[in-house]
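Q: Quick one, structure for this:
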Amino acid sequence: MTMAMIIVMIGAPWLGALVVWLVGDRREKLQHWLAVVFSIVAAAASLVLIPKVTSETAVKIPMGGAFGEFTFVPDGLGVFLTAIATVIGCLAVVFSTSYMKGEASLGRYYALVLFFIGAMVGLVLTSNLLLIFFFWEITAFCSYALIAFHNDDPKAVRGGVKALIITSTGGVGLLAGALVLFAYTGSTDINAFIGAAGKIPANILSLLAFGFLVAAAAKSAQFPFQTWLPDAMEAPSPISALIHAATMVNAGVYLLARTYPVFQNVPYWREAVMVVGTLSAILAAVMALTANDLKRVLAYSTVSQLGYMVYAIGAGGVFASQFHLFSHSIFKALLFLGAGAVIHSIGTRDMTEMGGVGKKLPLVKWVFLIGSLALAGLPVLNGFWSKELVLEAGLKGGPTWLYVLMVIVAGLTALYTARCVGLVFYGESRSEYHVHPVGLGMKAALIPLATAALVSWIVVGPFSEMLGAHSLPFHEIKKMPLAELFHEILTLPTLVTLIVIGLGILLWFTRSKLEGLTNGLRSIRWASEKSFGFEALNTAFVEVLNNTAETLRGTQTGILNWNVLAISAGLIILFVVVVVGG
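A: The predicted model follows:
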């Protein structure tokens, strides 16, 4: 049965992608229904698989040669992320039935969404690094195509290309790691890698550790690659929720968590991971504070919250990082879909043109407020418990100065969240906008997410069991009942963090009295709006690769004789190198 569920979770979305595409855009209503049905099937299969978590291989496909065996293992880490991808992906599809109503190229949209969901399932369930790379690149392609869905918009196309190039750069490190692993162990199985890490020389292991960190940082938009994610906001809002909460950016955090037992003792690796997470969290929080585009604020917030997860892994808190990933996937999907409902209803993303939206969209206001309180880390919402677990892990397993910075980020998070909610939903409208009603599909997706943001933390006990020794024997994750969570969180450091969060919210409400302070921080605002220089660096990197590709394209003549000559010359050169090398 486990094998069947895995096949369904990957196969149903991919089959659905083909079917929706073939139905054609003239039958829009049928496309909506088919997409919903196939996404529900995948989500249901993932939920059925949760009680069957095991470290044993469920699917094994012999491939031979360097490919070895393509294996799928339904362990706790993989099944948990599968549930996130399929369930939140399903809600994004349901939301799309209202949001994308009447849109052109609907078949292309749903086909890419379903293909995306299936690829993420494959990425987290397979234990073969080469197959992980295969799914890794499919998610990169799908994100590119969906970010650039409105391909007549230059900003959307530019954002899609940027995302593709930067995340694929990380993929190069992943592929190199798989090949090095095969060279030293004769296998590309990641579980075999964890068990046989001692066979790999220390210098090669260090190279793999930092190479995988670069791959993860690129995929999860962490320092210094963080600028591609805000540019991905040109995608339709359900896609933003899918990328930020359910699929794409979780892959990098997953890679670090999966390989933590191998790399934890590599000199300076854990410190580097914590620094990357901290820098990502604090830089993105400052940029969220100065942005006026509603979706970009949430995008910066995603980079910052992913920074918390990366920081926790570096501090040894793998469980804390995954519990926060669980919470974040819920409240961030809620926030992005809520933002999508606002944008769809009033026709603008500029928060300076909003104000008073809560009076006209009360349901959206309340669910968005729930998501915002969870993001800010206020009791008793899910974000409070998971973020405090992250900070506790950092206090125990990392330097104090990094912990202090992350507590400050918690205050900045509360500040930019209060600013966002205040500018959008409260006060008087600052422009003339006409409000369209929120569709039934939008409501059907928002209400379950808001409920989950309130109560999902209660499942911490079963969640810790899922990631326990019977599932992840090398990670040493202990069971955490609800009482243990209370004992862990309700401490003096948590009180200090709550005070800092309260100060962040207070700063927003007293902003009119702090004009001197805000005027003194104009230089920081200017630097923030320029992404602290990293936008220029990332853009230059993308342009160099683009120009190089354009130059190399001239070598593709399409003439078979030249292609054969080039292949033959390459083989001769390789043969000479091998012979000369001995």
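Q: Per-residue pLDDT of residue 110, please?
A: Looking at residue 110, its pLDDT is 92.
Q: Please verify my assumption that it contacts residue 31.
A: Yes. Counting by C-beta atoms under 8 Å, residue 31 is a contact partner of residue 110 at 6.0 Å. C-beta here means a position set from N, CA and C on the backbone, and glycine is covered the same way.
Q: ok, now which ones touch residue 208?
A: 177, 180-181, 200, 262-263 (C-beta atoms under 8 Å, 6 or more residues apart in numbering).
Q: Doesn't it belong to a helix?
A: Yes. Membership of residue 208 in a helix is supported by DSSP: H, G, I helix; E, B strand; the rest coil.
Q: Mind pulling up the pLDDT for it?
A: In this model, residue 208 carries a pLDDT of 88.
Q: Would you mind measuring from it to residue 476?
A: 21 Å (C-beta to C-beta, to the nearest Å).
Q: what does residue 455 give?
A: Residue 455 is 28 Å from residue 476, by C-beta to C-beta.
Q: what do you get for residue 234?
A: Taking C-beta to C-beta, one finds residue 234 at 42 Å from residue 476.
Q: quick one: average pLDDT of stretch 16-32?
A: 88.
Q: Next: stretch 98-106.
A: 83.
Q: Then stretch 166-183?
A: pLDDT averaged over stretch 166-183 gives 82.
Q: wait, what's in contact with the nearest residue to residue 235 once chain neighbours are set aside?
A: Leaving aside its sequence neighbours, residue 235 sits nearest to residue 147 (C-beta to C-beta, 6 or more residues apart in numbering; 4.4 Å). By C-beta under 8 Å, 6+ apart, residue 147 lies in contact with 156, 159-160, 163, 231-232, 234-235, 239, 243.
Q: From residue 154, how far out is residue 147?
A: Separation of residue 147 from residue 154 (C-beta to C-beta): 13 Å.
Q: sec struct for the closest residue to residue 346 other than its chain neighbours, please.
A: Counting by C-beta to C-beta, 6+ apart, residue 433 is the residue found nearest to residue 346 once chain neighbours are left out, at 4.3 Å. Assigned by three-state DSSP, the conformation of residue 433 is coil.
Q: that older thread, what about residue 234 and residue 476, which has more around it?
A: More neighbours surround residue 234 than the other of residue 234 and residue 476, with 21 against 13 (other C-beta atoms under 10 Å).
Q: Next secondary structure after the strand or helix carrying residue 146?
A: Assigned by DSSP states H and E, residue 146 falls within helix 129-147. Per DSSP H and E, the first helix or strand lying C-terminal to helix 129-147 is helix 154-185.
Q: got the contact list for the closest residue to residue 224 other than its chain neighbours?
A: Spatially, and ignoring its direct neighbours in sequence, residue 224 is nearest to residue 534 (5.6 Å; C-beta to C-beta, 6+ apart). Contacts for residue 534 (C-beta under 8 Å, 6+ apart) come out as 223-224, 226-227, 283.
Q: Phi and psi next, for residue 534.
A: Backbone geometry at residue 534, expressed as degrees, to the nearest 10, gives phi -80, psi -20.
Q: Likewise for residue 477?
A: Torsion angles at residue 477 (phi, psi; degrees, to the nearest 10) stand at phi -90, psi 130.
Q: How many neighbouring residues does it have?
A: Residue 477, neighbours per other C-beta under 10 Å, totals 23.
Q: Which residues are in contact with it?
A: Residue 477 neighbours (C-beta under 8 Å, 6+ apart): 318-319, 464, 467-469.
Q: ChimeraX command to pick out the buried ones of these?
A: Applying 16 or more other C-beta atoms under 10 Å to the contacts of residue 477 leaves a buried subset, and the ChimeraX line that selects it is:
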select :318,319,464,467,468
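Q: between the contacts of residue 477, which is closest to residue 212?
A: Distance to residue 212, by C-beta to C-beta, is smallest for residue 318 among the contacts of residue 477, at 14.8 Å.
Q: Verify the contact between that closest one and residue 258 for me.
A: No. At 9.4 Å, residue 318 and residue 258 do not qualify as touching, with contact defined as C-beta under 8 Å.
Q: and which of the contacts of residue 534 is nearest residue 51?
A: residue 226 (37.6 Å).
Q: Domain parsing of the chain, as residue ranges.
A: The record's domain split for the chain, according to automatic domain parsing, is 2-529, 530-582.
Q: Pick the most buried one from those domains.
A: With neighbours defined as mean count of other C-beta atoms under 10 Å, the domains of the chain peak in mean count at domain 2-529, which reaches a mean of 21.
Q: circling back: among the contacts of residue 534, name the ones in helices.
A: In this view, the contacts of residue 534 that belong to helices under DSSP state H are residue 283.
Q: quick one: average pLDDT of stretch 135-149?
A: 88.
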